[in-house]
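Visitor: Got a predicted model here, sequence first, then my questions.
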Amino acid sequence: MKDKNERLDDLQNGYMLFQNPKQFCFGIDAVLLAWFAKAKPGERVLDMGTGTGIVPILMKARYPKGYFTGLEIQEESADLARRSVAYNKLEQDIDIVTGDIKEAGAVFGGASFDVVTTNPPYMIGSHGLTGENSAKTIARHETLCTLDDIIAQAAKVLVPKGRFYMVHRPFRLAEIMSVMVKYKIEPKRMRLVQPYADKEPNLVLIEGLRGGKSRIEVERPLIVYEKTGVYTDEILDIYGRNHEEKL
């Protein structure tokens, strides 16, 4: 361990992940994104703003014949991601690149990926800002890139008919749809996530198709908890039946 605050977590899928709680740890949104996204054998997948590499590593466990790249602007997080990749002996299949999402098209070239995934900052400007550290602020707030930046660059790096997967907050859904259509990534599938069956959604999972036709499938809501501390069967299946920690 490079830092006394680091820990090595078991992902319950045969892989481990280095994390530092003093910086930022992944949450249920990253897990749900990796589950919602799909990768066919041989496809190239780019995870924009990969953090510690959780989405590529989770997707690699589900889609062992895919090739994954994580793009991360914070070197401390990228270093953790690279060490996790090396620890799991996945260097041939997962590449971690330190770089800016706003320059993804220049870094990788146009039409270079079949799939793009992203778990971007949800908050605009200073909305909801606290005294948290810079790593957490960058992960949660649009301080370094905007929704428009992310989708514009996704459109550049995706091949024609390439797929775009994102997890975000429902309160920005109108903006998300508008920006996706602006850059010709047509929304094709959406699923809202509710903490409880009687509570309003707090996450949205969305799939888009570069150059797709206008038609969207709205799936039934995904419910996280049956009651306090008890996950639904679907969440248990997503996480793995042995996962007992709080999401």
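Guide: Structure's in. What do you need? None of the values given here were measured: they were computed from a predicted structure.
Visitor: all contacts plus neighbour counts: C-alpha atoms, from now on.
Guide: OK.
Visitor: Quick one: the strands in this structure, in order.
Guide: Remark: strands assigned in the chain by DSSP state E are 7-10, 16-19, 44-48, 67-72, 94-98, 113-118, 158-168, 185-194, 203-210, 217-218, 222-223, 225-227, 230-231.
Visitor: Nearest approach to L80 belongs to which of those?
Guide: Closest to L80 of the strands of the chain, according to CA to CA: strand 16-19, at 5.8 Å.
Visitor: Give me the sheet partners of the closest one and which way each runs.
Guide: strand 7-10 (antiparallel) (DSSP bridges).
Visitor: Quick check: mean pLDDT of the partner strand?
Guide: What strand 7-10 shows for mean pLDDT is 94.
Visitor: List the contacts of that strand.
Guide: Applying CA atoms under 8 Å, 6 or more residues apart in numbering, the contact partners of strand 7-10 are 1, 16-20.
Visitor: how far away is V107 from F24?
Guide: Counting by CA to CA, to the nearest Å, the separation of V107 from F24 is 25 Å.
Visitor: do R172 as well
Guide: Per CA to CA, R172 is found 23 Å from F24.
Visitor: These two: which has the busier surroundings?
Guide: Set side by side, R172 and F24 show more neighbours around F24, with 19 against 14, by other CA atoms under 10 Å.
Visitor: Show me what that one is bridged to.
Guide: N20.
Visitor: Let me know the pLDDT of it.
Guide: Confidence score, pLDDT, at F24: 83.
Visitor: end-to-end on stretch 79-94?
Guide: Using CA to CA, first and last residues of stretch 79-94 are 13 Å apart.
Visitor: Kindly report the same for stretch 27-42.
Guide: End-to-end distance for stretch 27-42: 28 Å, by CA to CA.
Visitor: now it: mean pLDDT?
Guide: Taken as a whole, stretch 27-42 has a mean pLDDT of 97.
Visitor: Show me where this structure has its helices.
Guide: All helices of the chain, identified by DSSP state H, fall at 28-36, 54-62, 75-87, 104-108, 134-140, 147-157, 173-182, 233-239.
Visitor: mind putting the ones you listed in TSV, distance to R191 and mean neighbour count included?
Guide: Output for these, formatted as TSV (distance: least, CA to CA, whole Å; neighbours: other CA atoms under 10 Å):
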stretch	distance to R191	mean neighbour count
helix 28-36	9	20
helix 54-62	18	23
helix 75-87	28	20
helix 104-108	27	16
helix 134-140	21	18
helix 147-157	19	21
helix 173-182	12	16
helix 233-239	14	16
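Visitor: And those helices, which one averages the lowest pLDDT?
Guide: Lowest mean pLDDT within these: helix 134-140, a mean of 51.
Visitor: Now R220. Nearest residue, chain neighbours left out?
Guide: With sequence-adjacent residues excluded and distances taken as CA to CA, 6 or more residues apart in numbering, R220 is closest to R191, at 6.5 Å.
Visitor: Run the chain-centre distance for stretch 183-196.
Guide: Averaging C-alpha positions (CA atoms, centre = their mean, to the nearest Å) puts stretch 183-196 13 Å from its chain's average.
Visitor: and if you look at stretch 29-41?
Guide: 8 Å.
Visitor: Closest to the centroid, which residue in this protein?
Guide: Nearest to the mean C-alpha position of the chain, counting by CA atoms, centre = their mean, stands N119 at 3.5 Å.
Visitor: Enumerate every residue touching the residue nearest to that residue when sequence neighbours are not counted.
Guide: Closest residue to N119 apart from its sequence neighbours, by CA to CA, 6+ apart: V167 at 5.4 Å. Applying CA under 8 Å, 6+ apart, we find V167 in contact with 29-30, 32-33, 118-120, 203-206.
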